[in-house]
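# Fold the following, please.
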Amino acid sequence: MNKLIAVTAVVCGILLLIVPRFILPACEYEGYAPMHCSDTARAEYLMGALLTGLGVISFFFRSNRLLLAASTGAVAVLISAFSMPDVYGYCRSSRMPCNYGMVPGVRFVAVTGTIILAAAGVNLGRKAFRKGNS
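You can find the predicted model right below:
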């Protein structure tokens, strides 16, 4: 279970780092002037870096309770990543690349990672709080 949590956090973190820039770029990287979506892309870089770091650190956790805490923290970062486009804004025109590319891509990564990590966390929580397990 620890490898699933760590790998999911690292993969989702790396995707949050590269989706707003290379896979489904924000408007700024498509030749438009910097707009609100550029701020959102930078916020997603931060969320991706946090998530990747949390995933790398969780590779070394042996305790089920620490892994549960790492899974909970990763879910919190993914929920934050999901809400960043609403916090910082993005272009409302349906013809802008951030509207049809970056925002749905980032939200897909966040929702998928949240589902996987929540399922792993529930399973791990059952193991962690059994009698005699640390």
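# dump the residue contacts of the nearest residue to F61 once chain neighbours are set aside.
Nearest residue to F61, sequence neighbours excluded (C-beta to C-beta, 6 or more residues apart in numbering): L67, at 5.0 Å. The way it works is simple: take the backbone N, C-alpha and C, and place the C-beta from them, glycine included. Contact partners of L67, counting by C-beta atoms under 8 Å, 6 or more residues apart in numbering, are M1, N2, I5, S58, F61, L124, A128.
# Mind telling me what element L67 is part of?
L67 is part of helix 64-88 when elements are defined by DSSP states H and E.
# List the buried residues of that helix.
64, 66-71, 73-75, 77-78, 80-82, 84-85, 88 (16 or more other C-beta atoms under 10 Å).
# R126 - how many residues pack around it?
Close neighbours of R126, defined as other C-beta atoms under 10 Å, add up to 11.
# what do you get for M35?
By other C-beta under 10 Å, the residues close to M35 number 16.
# how near is it to E44?
Note on M35: its distance to E44, by C-beta to C-beta, to the nearest Å, is 15 Å.
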